[in-house]
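Provided below for reference: sequence and predicted model.
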Amino acid sequence: MAASPEEFRGQARLPHFASPLRYDLRLRPDLTACSFSGAAAIDVAVSAPTRFLVLNAAELSDLAPSEVVQFEEDEILVMGFDRELPVSEGVLKMNFTGTLNDQMRGFYRSKYECNGESRNMAVTQFEAADARRCFPCWDEPAFKAKFKLTLEVPSELVALSNMPAVEETVNGPLKTVYYEESPLMSTYLVAIVVGSFDYIESSTSQGTKVHVYTQVGKCNQGTFALDVAVKSLDLYKDYFGTPYPLPKLDMIAIPDFAAGAMENYGLVTYRETALLYDELLSSASNKQQVAITVAHELAHQWFGNLVTMEWWTHLWLNEGFASWVSYLAVEYLFPEWNNWTQFLDETTSGLRLDALAESHPIEKALASYIKKYAYSNAKTEDLWAVLEEESGEPVKDLMTTWTKQQGYPVIYAKLNGHDLELEQAQFLSDGSSGPGMWIVPITSCCGSYDVQKKFLLKDKTGKLHVKEFTASSADGVKDPNFWIKLNIDQTGFYRVKYDDELAAGLQNAIKSKKLSLMDKIGIVDDAYALSVARKQTVTSLLRLLNAYRDESDYTVLSHVCLSISKISVDATPDLSKDIKQLLINLLLPTAKKLSWDRKAGESHLDVMLRSLLLIALVKLGHNETISEGVRRFHIFLGDRKTPLLPADTRKAAYLAVMRTVSTSNRAGYDALLKIYRETAEAQEKSRILGSLSSSPDKDIVFEALNFMLTDEVRNQDSFYILGGISLEGREVAWTWLKKNWDYVLKTWPSSSLISDFINSIVSRFASEAKAAEVSEFFAGRIKPSFERALKQSLERVRISARWIESIQSETNLGHTVHELLQSGV
Ligand code: BES
Ligand code: ZN
């Protein structure tokens, strides 16, 4: 048994000899002084005799009683008692005070305008470990407890929490709001919002009330999200086989918000851009983002909130599943968006549970999993166990090879007579091959989707007999339509490298439009990744891209664009103009077909594709597109409602304007700033911020970065400016970052936001020398909040550097580029 509080320092997790059963919390935020006071009465169960209680607290003061020891660094609170606490239940009572901070974590303040004046609202963001900044607690997901909240707030304000209010008593300028007691839940899901809001409401088929809260005057922009929410709740009730667990669901837009959205139980918080949708002011891609985000956070109400991961190492289970299910839901709600394909398209890294998507028992098994672990916590293995039981397949063994080792495999495929020979190796972007081995679900189809073969590749190598497809005709000539595609529809999480013969067959299949959309995406994505890893030349990648010339689908092209912007960097300065021209030729026919103007009745995908292609063409330096963008921008300046520049194409025009801006010709920059200052729409602001730093003029980039530091840009929005920095501006951005580092670190303490600075600026470089320079600068400055971002960014810089070297050794590249350019016109 511990003898001194010191013994609890430096531990990763809290001791388990005492745990909370129920929190009775009373909080009183002061929105003017930006502080709060609170009182907690926690029912605690002691399971082994102890002289201490150990829980979390951070940045809280005036904690009583006086025998409390706070270890600030460990964010823990140790209470010593004169006598040993026996195995029993008791109540721990504490009063405390804290600051409503401006750091978008814990209990914080967000600012908004009301009748022309600036006001504060009080908001919480607790994931992963910031509930302790609001009240003393056992701040770990497995310490589930019931929460009974009481808030004392100015009487004219709206005060929300996880559960519905049961009683409200007004006492002059203050009111006290009492909330229903919650079911068992984790601390990171507790939420409070206090401010002035408008709302709209609806209810599910089960009668659960759903509200969307927005800033005053904006609640009609919540209609779309409300509709998606109601439909998603109804869908998930059936899908998870359990009704929505709480009596109400509120969703609310917060002007200052670190993440995109947060799934707090019964009170989901969002960035404005992720919740609000306006028929006239938003783009199709904004609309899609709102739908995906709502569906994602609501999936968490079951997967994450009702059943919670045991510890943060299993977080991927939470996020991976919520993402997967959200795309499933949006695919169901908006089949015409083709979101499922976009899911594959966008998820090129991280773990996808697609291998599981194939098997049917999942849906039944998921429901069992939710029921079995409801109001409790689960580990990754618990999910596999349930899936295994329901499906009779060796899910645990199979999945363990995927979740317990880093990375994923690449399958080398080659044709040897009538055999398709396969060999697996760990895929690493740096080109090395690790020792990893996986149980790989191989699927293949040959010449047609009607002919499929499947097997589990358990060893390093394997063989598939494909005689029926490789047989030559009597005169010895192979069927010209012969092709083999592995990983059908990209449902497995692995890449495939085909030998030349198989690759040529696939190119023909692409040209003659034999392949499914997903397979077309997969082939480009694999080829691109293999090229970065120096397993395939850029020369052959360009030839492959050329096969996509007649492609008109949004997802394939978006993917190609992504690859393009990465290829057309500094590997071959002399050739880069020609390569860009080649890529322009690839995109232009479809862009011309779509034009800048929306057509009556056109599809959501065409609207998205138009904006995507125009942006890509501007970035590739296509003069005609740039001047047309500038022309439309000038019309827009005179008439903000002009049909010539609706939300969907505006970003392309803004980027076009910025490509033409320089210090001596800065009217476009100033005009954009003016629009930024005038608009009240977060999505419009984000479009402008994303353009400001994209000028090729270094001084303008520098000016945009400094603008980011003014209070005209919310700290939550810095990543838009960072994300837009032009290639020409990367050097000035790096100088700027070094100069402002101390300020940046102090102002953006949250890990994800500070990491954006490093990712966006450092990753744009592509030389060993620069990697060394960056490492040197950060030596002695490293903090846990951005350590991983720095390592990953440096890795990317080094991968690019090696990739460039390898491209420079491709003797055929110039010749191929010119040949393709000539054949193209
Ligand atoms: N729970 C996360 C947000 C989060 C994760 C906050 C970790 C703090 C720490 C939330 O469910 C989420 O994933 N949000 C996404 C949006 C979503 C549509 C993928 C986000 O914030 O980007
Ligand atoms: Zn999530």
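Sure, I can see it. Numbers count the residues shown, from 1 in each chain. Ligands and ions are numbered 1, 2, ... in the order given.

Where does pLDDT dip in the protein?
Applying pLDDT under 70 to the chain flags residues 1, 64-67, 344-363, 468-478, 554-569, 824-825.

any idea which helix is longest in it?
helix 784-808 (DSSP state H).

Check what contacts it and list those residues.
Here helix 784-808 makes contact (CB atoms under 8 Å, 6 or more residues apart in numbering) with 429-431, 531-534, 537-538, 569-572, 749-751, 754-755, 757-759, 762-763, 765-768, 770-771, 774-775, 778, 782, 813. All C-beta atoms are positioned from the backbone trio N, CA, C, and that covers glycine.

likewise stretch 754-764?
Residues from elsewhere that reach stretch 754-764 (CB under 8 Å, 6+ apart): 718-719, 722-723, 725, 727, 730, 733-734, 737, 744-745, 748, 774, 785-786, 788-790, 792-794, 796-797.

And the strand or helix carrying Tyr23, what does it pack against?
Element membership for Tyr23, per DSSP states H and E: strand 18-30. Using 3 or more CB pairs under 8 Å, 6 or more residues apart in numbering; DSSP states H and E, the elements in contact with strand 18-30 are strand 35-46, strand 50-56, strand 146-154, strand 192-195.

between those, which one is nearest to Phe633?
Closest of the helices and strands packed on strand 18-30 to Phe633 is strand 192-195, at 35.7 Å (criterion: CB to CB).

next one: the closest one to chain centre, how far?
Relative to its chain's centre, strand 192-195 lies at 25 Å (CA atoms, centre = their mean, to the nearest Å).

Point out the other helices and strands that that strand packs with.
Against strand 192-195 (3+ CB pairs under 8 Å, 6+ apart) you get strand 18-30, strand 106-114, strand 117-125, strand 146-154, strand 158-161, strand 267-271.

Those: which one's closest to ligand 2?
Nearest to ligand 2, of all the helices and strands packed on strand 192-195, is strand 267-271, at 10.5 Å by CB to the ion.

May I have the strands that pair with that closest one, each with its orientation?
Using DSSP bridges, strand 267-271 pairs in its sheet with strand 248-254 (parallel), strand 261-262 (antiparallel).

before we move on, back to that, just the buried ones among the contacts of helix 784-808, please.
429, 531-534, 537-538, 569, 571-572, 749-751, 754-755, 757-759, 762-763, 765-766, 770-771, 774, 778, 813 (16 or more other CB atoms under 10 Å).

Restricted to strands, list those.
With strands defined by DSSP state E, no entry of those lies inside them.

The closest residue to ligand 1 within the stretch 1-150 of the chain: what's its closest spatial neighbour, skipping adjacent residues?
Among all residues of the stretch 1-150 of the chain, Glu127 sits closest to ligand 1, at 3.9 Å; criterion: CB to the nearest ligand atom. Closest residue in space to Glu127, ignoring its immediate chain neighbours: Tyr188 at 4.4 Å, by CB to CB, 6 or more residues apart in numbering.

Which elements pack onto the helix or strand that contains Trp384?
Trp384 is part of helix 380-391 when elements are defined by DSSP H and E. Packing partners of helix 380-391 (3+ CB pairs under 8 Å, 6+ apart): helix 315-333, helix 362-373, helix 395-403.

distance of Thr443 from Pro164?
Separation of Thr443 from Pro164 (CB to CB, to the nearest Å): 49 Å.

Tell me which stretches of the stretch 601-750 of the chain form helices.
Per DSSP state H, counting those that start in this stretch, the stretch 601-750 of the chain carries helices over the ranges 604-619, 623-638, 647-660, 667-678, 682-692, 698-708, 718-724, 730-747.

Mean neighbour count and distance to Ser823 for those - can I get that in a markdown table?
Shown next, in a markdown table, are the helices of the stretch 601-750 of the chain (neighbours: other CB atoms under 10 Å; distance: least, CB to CB, whole Å):
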| stretch | mean neighbour count | distance to Ser823 |
| --- | --- | --- |
| helix 604-619 | 22 | 21 |
| helix 623-638 | 18 | 22 |
| helix 647-660 | 25 | 28 |
| helix 667-678 | 16 | 37 |
| helix 682-692 | 23 | 35 |
| helix 698-708 | 20 | 38 |
| helix 718-724 | 22 | 35 |
| helix 730-747 | 16 | 34 |
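
Adding distance to Gly320 as columns, could you present those helices in a markdown table?
Shown next, in a markdown table, are these (distance: least, CB to CB, whole Å):
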| stretch | distance to Gly320 |
| --- | --- |
| helix 604-619 | 25 |
| helix 623-638 | 38 |
| helix 647-660 | 30 |
| helix 667-678 | 36 |
| helix 682-692 | 26 |
| helix 698-708 | 32 |
| helix 718-724 | 23 |
| helix 730-747 | 31 |
